[in-house]
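Undergrad: Sequence and predicted structure below; questions after.
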Amino acid sequence: MTEYNHGLGISHLEFWVKDLEESLSFYSQLFPIIGWYAHTRTSFSCGIHEIYFKEMPVERHDSLGVRHICFHANSREMVDRVGEWLQSIGAGIIRGPQPMPHYTEQYYTVDFRDPNDFVLEVAYMPDIPL
């Protein structure tokens, strides 16, 4: 039996979405810009973490929980490419791309909503130790 040691952290996230095909279309365009790839037809990976999508026939409700998910960018240019793509598809951009000097001097971000109104962020933050 093969033993895997992935270390501590989050293995995967499962997103419940109202329209699976719409969500897959959105994320299949976003994820390659930020270095993620299709793992299966309904999941994506960065090589360490995975995000799965599952269509659920439930009504949307406001609730307590995760406010947003932030994806690491490896350059300001990557954040700008995401911003350009979001503008090209008419996505709901909350802010950015823009610097956020009140976080750190080099923090650069774009915040936006996916087709399910999930708040996402793609941020370049080289001066934040991981």
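TA: In hand now; what should we look at?
Undergrad: what's the least confident helix or strand in the chain by mean pLDDT packed up against?
TA: Ranking every helix and strand in the chain by mean pLDDT, DSSP states H and E puts strand 12-17 at the bottom, with a mean of 89. When contacts are defined as 3 or more Cβ pairs under 8 Å, 6 or more residues apart in numbering; DSSP states H and E, strand 12-17 packs onto strand 50-55. All C-beta spots, glycine's among them, are computed from the backbone N, C-alpha and C.
Undergrad: how about the strand it packs on: buried residues?
TA: In terms of neighbour count (16 or more other Cβ atoms under 10 Å), strand 50-55 has its buried residues at Glu50, Ile51, Phe53, Glu55.
Undergrad: In those, find the pair that's most separated.
TA: Pairwise distances across the buried residues of strand 50-55 (Cβ to Cβ) peak at 17.5 Å, for the pair Glu50 and Glu55.
Undergrad: quick check: angle from the helix or strand containing Glu21 to strand 50-55?
TA: Glu21 belongs to helix 20-33 when assigned by DSSP states H and E. Put simply, helix 20-33 runs at 160 degrees to strand 50-55, going by axes from the mean of the first three to the mean of the last three Cα atoms, to 10 degrees.
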